[in-house]
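Participant: Take this sequence and fold it.
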Amino acid sequence: MRRALVAWLSVAGLLVACGLDESGLLSDSGAPDVSVDAPKIDPPDAFADTPDDDALDAAAADVFDLDAAQAACEAACPSPATCVAGTCTFDCSSDYSCQTAKITCPAGVPCDVRCTGTGACTGPIDCTQASRCDVACGPYACTKTIGCGGSSCSIDCDQNACGGDVTCNASSCTLDCGRDAGASYACLGKTTCTGDHCSILCAPDSCWQAVRCTATSSCDVDCDASYACQQTVGCGGGPSCDVTCGDNACTGDVTCDATGTCGVSCVGVYACYGKVTSAAQTSTLCCDGPVSCAGAVSCGQTSCKAACLGAGSCVAGPPSCSAQTCDLDASTCP
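Facilitator: Numbering: from 1, shown residues only. Predicted coordinates:
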């Protein structure tokens, strides 16, 4: 930068010495000037390439954090798992790999369990002590129990995957039983979520056993797929709970005991074939699908809106309401 400044000053000095200015050539004889446009040379910006101190500090901090995370991972991650960018990673992506042995993620570090190979990971998966956890199960993989915790947890189950019970108690849980993979027959055991925020997504013929969400902040149980959630669905424990049931889904009782609001939408044909009951302070129970809500529909507490809008719905009779405010004749729902 200093050399550029010296060069500019040198050029400027030569122009002055030769009788040149920005308008061209000067004549001592008084003869008409022959104008020559001198090149305009801008002084160098002494600060143009100066790095931003805050950006340098942030970059250095990121490198330090990554190095620290990698070191912590390498100290705790058991073989044959490896540390990838500070995450203890079990790579079971080959077909029929990681069989029989239990997979246990170390405490206090992120964990990634990749059982994406067909028939991989036939032993239990324990990710309950990890700082966060991601579990991916390919077709016919993860045949035993799966448990996860930490700040966040995602469990993705492909075709005929996740044959045992699936449990999440992380602060934020996403249990995807075949929905994203476009699969079926995923999550054949019980599906349970006890974290803060929980989302359970069930594909066709998935979530065969009882589904239970007791998240302390919000629950979203999505059984809007044919023959999903074939046993009981329980939702509550926190201030908010929503359950959606598709064609022939939720054939067992649907029970909501959220402390605040509860919404149950039986949108498919023959959806919610058992009882639908809500003990939340505010309930909205919608039997929109044809021949939905074959069992009794009931609600209580502060307010309740219940509607039998599908053709032949509410086979057991009109909804019963013991709430302070009841709306049982709604033309739209929710």
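
Participant: Now do the residue nearest the centre of the chain against R132, distance only.
Facilitator: Nearest residue to the geometric centre of the chain (C-alpha atoms, centre = their mean): T174, 6.0 Å. For T174, the distance to R132 equals 12 Å [C-beta to C-beta, to the nearest Å]. C-beta: built from backbone N, CA, C; applies to glycine.

Participant: pull the CA atoms of the one helix or strand V264 maps to into PDB?
Facilitator: V264 belongs to strand 261-266 when assigned by DSSP states H and E. Presented in PDB, the C-alpha positions along strand 261-266 are these (Å, rounded to 0.1, in the frame of the first residue of the first chain):
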ATOM      1  CA  THR A 261     -55.800 -26.000  23.400                       C
ATOM      2  CA  CYS A 262     -56.500 -29.200  21.500                       C
ATOM      3  CA  GLY A 263     -57.500 -29.800  17.900                       C
ATOM      4  CA  VAL A 264     -58.500 -33.100  16.400                       C
ATOM      5  CA  SER A 265     -59.300 -33.300  12.700                       C
ATOM      6  CA  CYS A 266     -60.700 -36.600  11.400                       C
END
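
Participant: what is the mean pLDDT for it?
Facilitator: In this model, strand 261-266 has an average pLDDT of 97.

Participant: now it, how far from the centre of its chain.
Facilitator: With C-alpha atoms, centre = their mean, to the nearest Å as the basis, strand 261-266 stands 22 Å off its chain's centre.

Participant: Show residues contacting that strand.
Facilitator: With C-beta atoms under 8 Å, 6 or more residues apart in numbering as the contact definition, strand 261-266 has outside contacts at 235-236, 239-245, 250, 254, 256, 272, 276, 278, 280-289, 292-293, 310, 313, 333-334.

Participant: tell me, what's touching T174 and R132 both at once?
Facilitator: Listed contacts common to T174 and R132 are C153; contacts here mean C-beta under 8 Å, 6+ apart.

Participant: Helices of this structure, start to end?
Facilitator: 2-17, 53-76 (DSSP state H).

Participant: per-stretch mean pLDDT over those helices, give me the minimum one.
Facilitator: Set side by side, the helices of the chain give their lowest mean pLDDT on helix 2-17, at a mean of 40.

Participant: Neighbours of T325, how many?
Facilitator: With neighbours defined by other C-beta atoms under 10 Å, the count for T325 comes to 11.
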